[in-house]
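*Asks:* Here is a sequence together with a model predicted from it:
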Amino acid sequence: ILNVEQSPQSLHVQEGDSTNFTCSFPSSNFYALHWYRWETAKSPEALFVMTLNGDEKKKGRISATLNTKEGYSYLYIKGSQPEDSATYLCAQWHEGSNYQLIWGAGTKLIIKP
Amino acid sequence: EPEVTQTPSHQVTQMGQEVILRCVPISNHLYFYWYRQILGQKVEFLVSFYNNEISEKSEIFDDQFSVERPDGSNFTLKIRSTKLEDSAMYFCASRPPGSWYEQYFGPGTRLTVT
C-alpha cells in the first residue's frame, strides 16, 4: 500500500521566521514528487515537481529538496510572511500507479503577525 | 492564464439524490482527473479519463459514480444516489499533452449530503 506522510500536521510560525516541513514516501519505484500550496477556496497551486535524487528547487523564498533513496522531501520557507499561510501538500507519482497522484495529508501553516 | 474551473463551488443535497459536479479543464489538455478530500482526511484519487474513456479508477469509484465529457469542454462527475459519506471537497484536474508531471487543479466543489 502506497503511503505518503507529511509532518507536522500543523505549524504556527512567527512572521519573519524560517520554517520547514517534511514529506516522506515509499522510495521504491519512485517517479516524481510534487509540492502544492493550497489556500481555502482556491485551486491547489503547483510549487515544485522533482524527479531526481538530490534535486533542489527554489521559487522565491520557498525551496525544496528531494532524497529518493531514503524517501523524503523537505520544503523550506525563508522569512515567513502572512501570505504564506496555507496548507502545503505533497504528492507522489508512483511508477505503476498509472496516472494518479498519491497524496500526503498536508501541513497547515499559519503565520502569526 | 488559463485555469481549470469548477461549478458549483458548494452543493448541498439530500441523501439519495443525484448530483452532477462540473469542471471545465484547460482547453488543450487531454487527461482529466477527479479527486476528493473528506474533511480531515487525505486527498484521494477517484478516476482518470483520457480519449473519452476511463483510464483508471480507484476502489472508491463504484457503480454510483460516473464521468462524462459531453461536449468537448465540460468534464462531469455524477453521483447517482448520494450517501452521507460522499460529503467531501471534489477537485477536478487536467494534464497537458506531453507532460507526465503537471496537473492543474480547479478550486473544488464542496459537496454536503444531508
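*Replies:* Sure thing, it's come through. Since the structure is predicted, the reported quantities are computational estimates derived from the model, not experimental observations. Numbers count the residues shown, from 1 in each chain, chains lettered A, B, ... in the order given.
*Asks:* Determine the number of other residues adjacent to B:Ile38.
*Replies:* Neighbourhood size, B:Ile38 [other Cβ atoms under 10 Å in any protein chain shown]: 13. To be clear about C-beta, it is placed using only N, CA and C from the backbone, and glycine gets the same treatment.
*Asks:* Would you mind listing the buried residues in stretch B:55-64?
*Replies:* B:Glu56, B:Lys57, B:Ser58, B:Ile60, B:Phe61 (16 or more other Cβ atoms under 10 Å in any protein chain shown).
*Asks:* quick one: contacts of it?
*Replies:* With contact meaning Cβ atoms under 8 Å, 6 or more residues apart in numbering or on different chains, stretch B:55-64 is reached by A:98-100, B:31, B:36, B:44-49, B:79-81, B:83.
*Asks:* average model confidence for it?
*Replies:* Here stretch B:55-64 scores 92 as its mean pLDDT.
*Asks:* List the neighbouring strands of the worst-scoring helix or strand of chain A on mean pLDDT plus their orientation.
*Replies:* When each helix and strand of chain A is scored by mean pLDDT, DSSP states H and E, strand A:101-103 comes last, with a mean of 87. Strand pairing for strand A:101-103, using DSSP bridges, gives strand A:86-94 (antiparallel).
*Asks:* Extract the C-alpha trace of the strand it pairs with and format it as CSV.
*Replies:* Taking Å, rounded to 0.1, in the frame of the first residue of the first chain, the C-alpha atoms of strand A:86-94 are listed here in CSV:
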residue,chain,number,x,y,z
ALA,A,86,-1.8,27.8,3.6
THR,A,87,-1.9,24.0,3.5
TYR,A,88,1.2,22.5,1.8
LEU,A,89,0.5,19.2,0.2
CYS,A,90,3.0,16.7,-1.2
ALA,A,91,2.0,14.1,-3.7
GLN,A,92,3.9,11.3,-5.3
TRP,A,93,3.7,9.9,-8.8
HIS,A,94,4.5,6.2,-8.3
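*Asks:* Select, from the buried residues of stretch B:55-64, the two members most distant in space.
*Replies:* B:Glu56 and B:Ile60 (12.1 Å; Cβ to Cβ).
*Asks:* Name the SS class of the closest residue to A:Asp55 other than its chain neighbours, please.
*Replies:* Excluding its sequence neighbours, the residue lying closest to A:Asp55 (Cβ to Cβ, 6 or more residues apart in numbering or on different chains) is A:Leu66, at 4.3 Å. Following DSSP: H, G, I helix; E, B strand; the rest coil, the label given to A:Leu66 is strand.
*Asks:* Hmm, A:Leu66 is touching A:Leu75, no?
*Replies:* No - the pair A:Leu66 and A:Leu75 fails to qualify as a contact (Cβ atoms under 8 Å) at a distance of 10.4 Å.
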